[in-house]
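I would like the atomic coordinates for the input below:
(3 chains)
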Amino acid sequence: MITLFTDFGWEGPYVGQLKAALIREAPGLAIVDLMHDAPVFNPRASAYLLAALVEEFPLGSVFLAVVDPGVGDPERRPAVVHADGRWFVGPDNGLFNVVAIRSSRPQWWDITWQPPHLSRSFHGRDLFAPVAARLARGEPPPGKQRALEQRVRTDWPDDLAEIIYIDHFGNALTGLRAACVNDTAELQVGGCALRRAGTFAEVGSGEAFWYENSSGLIEIAVNQGRADKLLHLGIGDAVEVA
Amino acid sequence: MITLFTDFGWEGPYVGQLKAALIREAPGLAIVDLMHDAPVFNPRASAYLLAALVEEFPLGSVFLAVVDPGVGDPERRPAVVHADGRWFVGPDNGLFNVVAIRSSRPQWWDITWQPPHLSRSFHGRDLFAPVAARLARGEPPPGKQRALEQRVRTDWPDDLAEIIYIDHFGNALTGLRAACVNDTAELQVGGCALRRAGTFAEVGSGEAFWYENSSGLIEIAVNQGRADKLLHLGIGDAVEVA
Amino acid sequence: MITLFTDFGWEGPYVGQLKAALIREAPGLAIVDLMHDAPVFNPRASAYLLAALVEEFPLGSVFLAVVDPGVGDPERRPAVVHADGRWFVGPDNGLFNVVAIRSSRPQWWDITWQPPHLSRSFHGRDLFAPVAARLARGEPPPGKQRALEQRVRTDWPDDLAEIIYIDHFGNALTGLRAACVNDTAELQVGGCALRRAGTFAEVGSGEAFWYENSSGLIEIAVNQGRADKLLHLGIGDAVEVA
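Take a look at the predicted model:
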C-alpha cells in the first residue's frame, strides 16, 4: 500500500500526476489518499500530524509525503526513512522528524538517485513517486544511508503544544498525544480553560471541551458547533496543559 | 465493489483512514467514492439521496454509508441491511430507511460483532469498514437478524417534498422521484412556480425550471445559472407539487 | 489506465457514478483522477490545459474528458480521438482540438453507438464511460471515422495567450508553452511586466514572475504569495509576450 500525505489540495492536476507516476512504476498497487490538505507550507505541524496517523497502517506500507515549501533549495535533500516497519519518502525538511524520533531503530537514507527528467518544481511526481514505487516493490532505498543524528532536528519538542490542523467540522487537532496527559488536566486555549470529555454526547450543546480523538491526539471540539469559530482558533495557536 | 457515502468531506484524514481499513480487510477490492458531502449531520435527507443513487450499482455491491451525528449514543445501533441484492452497512439512524422500504423483501441485522479496538468517535473506520469488507468477501452479516418492522421508521413519507442536496453547480435536488409526478405538474418552491423541461437547453438563459435528473429525482435548475442563489434555496426547504 | 478530466467538481455523486460505470465495464483497470476542476463550462481553456498534461501518460492511456456545457445539444456529437498513441473520449466541442492538432496523424471518430439507457443530462456516465472502458479493453471505437479537417476548429491559435487555470496556490497557468517563448521575454499581464525565473527561490519574497511549470506551460507565480490576488488574475485574462 502506498499512502499519500500532501498539502497539494484536491484541486488541479497535481495529485493525479503523482498517482500516474506511481501506477506507471507499480501497477496494481493500492494507493490511499490520506490527506491532501496537510498544513500548507508547514512541515513542522505536518510532522506531528503524520506521526499520529501512521500506526494504523500495515507494516510494509510506504508513505509518500510532500509538504515542501523549499522545493528547489539545494540544502533540502530528498530522504527515505524506515521507522517501525514502514517507509517514508519525501523532503528532509523535518516532515519525518517526529515519526523517526518516536520509533525504535529508525534508519535514514539520503536519496542519491536522480530520474532522467527532474523538473525544478515538482519533485513529488518526478523523484519521490518513483522512489516510493520502488520501495513498494521491495527494492532497497536508492541512496546513501546516514546516521540518524546527522539528519534529525533536535530543537523540536516530543509533543507540540499547538493547534496543528482544523478539520472539516471545525475541530482543532493539537500536536499533543492524549496518552501523555492526565485525564483531569485542563487545556488552556484561546483564553478559555477546557475540560476533558469522552465524547461529544457528554457535554451540553454549544459547549467546548477536549477529548482523545480516534488517532490518539488531543482535539478541541464543540458539541454541535465549530470549535475554530467559537474559540477563534487557527493552526499554530499555542495550547497549554494545566 | 464497495461504495462510500459519507458526510466526512474530502478534507482531513477520515476518508483515507476508512479506505486503509477496507484495503487491510479486502485487498484488491474496488472502492468507489460516491459522495463525501452527503447532507451533513442529516440522515433523513441523506436517506432519500442514497436511495436514488443505488440502482445503477451492480448486484452484490456493498455500500458503506456513514452520516452519523449520534455516534456514541448507545440507542443508535450499527446495522447491516440487504435490499434488492445490495448490502448496506452503517448506523441505524434512518439512513437505510428509504432503501429498505422501497425494496422487496429487505433484511435487517443488528451488528453484534465488535472489533478488538473500537474508538468512541470513529465507528466508520473501526466497526463499519471491517464489516463492509467481510460482506464484500462473501461472509454473512456478523449480527442478529431482526424483523424489519422493528427497525424501520414509519413516520417518514414515501417521497420527501424537500430540497435534500445542493450540487456543485447550484442545482437543488429534491426527495421526490420524477416518475411519481405528472409531467405537467408545477413545482412551488421559494415563492416561485416552476414548470418542467426536458433539459437545460429547452429554457431561456437565466430561467428556472424542474426536470428529471439522471438519478430519477426532481431537480430544480437554472439554465446557465445557479438555482440555489436565484431562488434562495437550502437543504430542508419545502417544495410542493401543484 | 483510464484518466478522468472533468469540470464536475469533487462534490456530489457525479465522479463516483462515472467510476462505477467504468468499473462495471472494465473491472481491475486503474482509474486516475487528473482533474475535476477543469475550467468550468469552458472547453476552450480546458483544451489547452489537457494538451499540456497528456504527454506524461503512457501510450495506450484512455482519457475520459468531459467539459460539456452543451449536453443535450444535437449538434454536439460524441467523439473518440486517437492522438500520439493515446485515446480521448468526450464531447466534440473543441475539448480535443489542441491535442489533435499538435499530434502526428490523429484520427477522429464520431460515436454512433448508443447505450440501452441514455439520460439527457449525464452523457459522461451513460455514453462516454462505457466507450472509454471498451477502448481500454482494446476494442475499436464504436463509431464512424471522419477526416480530421471536418471536425477540428481552425479558428483557435496554436498557443492560447490567456490565463487558463488558477491553481490551489493561486498560481495562474497560461495556454502558452514555455518552449515556444524566449527565456528573456517579458510577460505583460494585469498591467505588470513580469520576467522569467527558474524557480520560486530565485526571486524575492512577494515578487511576481513567470516560469516554465512542470507541465511545460508558462505559469505566473508569486514567491510566498498568491499571483491571482496580487495581480487580480482570472481565467480568460489576456497575457502578452513582449
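
mind picking out the helix or strand in chain A with the poorest mean pLDDT?
None of the helices or strands of chain A scores lower by mean pLDDT, DSSP states H and E than helix A:148-151, at a mean of 90.

for C:Trp156, see how far away the most centrally placed residue in chain A is.
For chain A, the residue nearest the mean C-alpha position is A:Leu50 (2.3 Å; Cα atoms, centre = their mean). Distance of A:Leu50 to C:Trp156, given as Cβ to Cβ, to the nearest Å: 45 Å. Just so you know, the C-beta spots here come from the backbone N, C-alpha and C atoms, and that holds for glycine as well.

quick one on the thing from earlier: and the least confident helix or strand of chain A, how far out from the chain's middle?
The chain centre lies 20 Å from the centre of helix A:148-151; the measure is Cα atoms, centre = their mean, to the nearest Å.

got the buried residues for the following helix or strand past that helix?
Downstream of helix A:148-151, the first helix or strand assigned by DSSP states H and E is strand A:160-166. Going by neighbour count (16 or more other Cβ atoms under 10 Å in any protein chain shown), the buried part of strand A:160-166 is A:Leu160, A:Ala161, A:Glu162, A:Ile163, A:Ile164, A:Tyr165, A:Ile166.

chain B next: which of these are close?
Checking these against chain B by Cβ under 8 Å from any Cβ of the partner chain, the ones in range are A:Tyr165.

now the two most distant members of the buried residues of strand A:160-166.
A:Ala161 and A:Ile166 (16.4 Å; Cβ to Cβ).

residues of chain A that sit close to chain B?
Neighbours of chain B within chain A, by Cβ under 8 Å from any Cβ: A:1, A:3, A:10, A:30, A:32-37, A:53, A:56-58, A:165, A:167-169, A:198-201, A:211, A:213-215.

domains in chain A, by residue range?
Taking automatic domain parsing as the reference, chain A has its domains at A:2-151, A:160-241.

follow-up on the earlier one: need the buried residues of strand A:160-166 in a markdown table (columns: pLDDT and distance to chain C).
As requested, the buried residues of strand A:160-166 are arranged in a markdown table below (pLDDT from 0 to 100; distance: Cβ to the nearest Cβ, whole Å):
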| residue | pLDDT | distance to chain C |
| --- | --- | --- |
| A:Leu160 | 98 | 23 |
| A:Ala161 | 98 | 26 |
| A:Glu162 | 98 | 21 |
| A:Ile163 | 98 | 22 |
| A:Ile164 | 98 | 20 |
| A:Tyr165 | 98 | 17 |
| A:Ile166 | 98 | 17 |
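
closest one of the buried residues of strand A:160-166 to A:Asn223?
A:Ile166 (17.0 Å).

hmm, the closest one is touching A:Asp228, no?
Yes - between A:Ile166 and A:Asp228 a contact is recorded at 4.8 Å, counting by Cβ atoms under 8 Å.

next, work out how far apart the most far-flung residue of chain A relative to its centre and A:Val222 are.
Most distant from the centre of chain A: A:Gly204, at 32.0 Å, with distances by Cα atoms, centre = their mean. From A:Gly204 across to A:Val222, the span is 10 Å (Cβ to Cβ).

same question for A:Ala197.
For A:Ala197, the distance to A:Val222 equals 11 Å [Cβ to Cβ].

which residues do the two both contact?
A:Phe209 (Cβ atoms under 8 Å, 6 or more residues apart in numbering or on different chains).

so for the two, which sits in the more crowded spot?
Between A:Ala197 and A:Val222, A:Val222 has the larger neighbour count (other Cβ atoms under 10 Å in any protein chain shown), namely 23 against 17.

phi first, then psi, for the more buried one.
When read as degrees, to the nearest 10, the backbone of A:Val222 gives phi -130, psi 130.

next, the contact list for it, please.
A:Gly170, A:Gly206, A:Glu207, A:Ala208, A:Phe209, A:Leu230, A:Leu231.

okay, and the beta partners of it?
Beta-bridge pairing for A:Val222 (DSSP bridges): A:Ala208, A:Gly225.

sorry, back to before: quick one, which of the domains of chain A is nearest to B:Arg86?
Among those, domain A:2-151 comes nearest to B:Arg86, with 23.6 Å by Cβ to Cβ.

hmm, the closest one in reach of chain C?
Yes - interface with chain C: domain A:2-151 contributes A:8-17, A:19-21, A:23-24, A:27-28, A:70-73, A:119-122, A:125-126 (Cβ under 8 Å from any Cβ).

settle this for me: A:Leu127 is touching A:Thr112, isn't it.
No - in this structure A:Leu127 lies outside contact range of A:Thr112 using Cβ under 8 Å: 11.1 Å.

who's more crowded, the two?
With neighbours defined as other Cβ under 10 Å, A:Leu127 and A:Thr112 compare such that A:Leu127 has more, 21 against 11.

let me know the secondary structure of the more buried one.
The local conformation at A:Leu127, judged by DSSP: H, G, I helix; E, B strand; the rest coil, is helix.

next, give phi and psi for A:Ile23.
The phi/psi pair for A:Ile23 (degrees, to the nearest 10) is phi -70, psi -40.

sorry, that was for A:Val62
Per degrees, to the nearest 10, the backbone of A:Val62 is at phi -120, psi 130.

quick check, it in contact with A:His82.
No - assessed by Cβ under 8 Å, A:Val62 is found out of contact with A:His82, at 10.1 Å.

who has more neighbours, the two?
Higher neighbour count among A:Val62 and A:His82: A:Val62, with 26 against 18, using other Cβ under 10 Å.

quick check: the more buried one vs C:Thr174, distance?
35 Å.

same check on A:Thr112?
Look at A:Thr112 and C:Thr174: by Cβ to Cβ, they are 35 Å apart.

one more: A:Ile163?
Look at A:Ile163 and C:Thr174: by Cβ to Cβ, they are 37 Å apart.

same check on A:Phe200?
A:Phe200 is 48 Å from C:Thr174, by Cβ to Cβ.

so for those two, which residue has more residues nearby?
When A:Phe200 and C:Thr174 are compared on other Cβ under 10 Å, the one with more neighbours turns out to be C:Thr174, at 29 against 23.

show residues contacting stretch A:232-242.
With contact meaning Cβ under 8 Å, 6+ apart, stretch A:232-242 is reached by A:39, A:42, A:45, A:161-166, A:172, A:174, A:176, A:181, A:185-190, A:193, A:218, A:220, A:227-228.

which of the residues in it are buried?
By neighbour count with 16+ other Cβ under 10 Å, stretch A:232-242 contains the buried residues A:Leu233, A:Ile235, A:Asp237, A:Val239, A:Val241.

that older thread, between the buried residues of strand A:160-166, which is nearest chain B?
Minimum distance to chain B across these is 7.3 Å, recorded for A:Tyr165 (Cβ to the nearest Cβ).

how about the residue lying closest to that closest one once chain neighbours are set aside, secondary structure?
Counting by Cβ to Cβ, 6 or more residues apart in numbering or on different chains, A:Tyr165 lies nearest to A:Leu173, which is 4.4 Å off, once chain neighbours are set aside. Per three-state DSSP, the local secondary structure of A:Leu173 is strand.

quick revisit: who touches both of A:Val62 and A:His82?
Common neighbours of A:Val62 and A:His82 (Cβ under 8 Å, 6+ apart) are A:Phe88.

in chain A, where is pLDDT below threshold?
Applying pLDDT under 70 to chain A flags no residue at all.

what about 90?
Applying pLDDT under 90 to chain A flags the ranges A:41, A:69-77, A:120-121, A:154, A:180, A:190-191, A:199-202, A:224, A:242.
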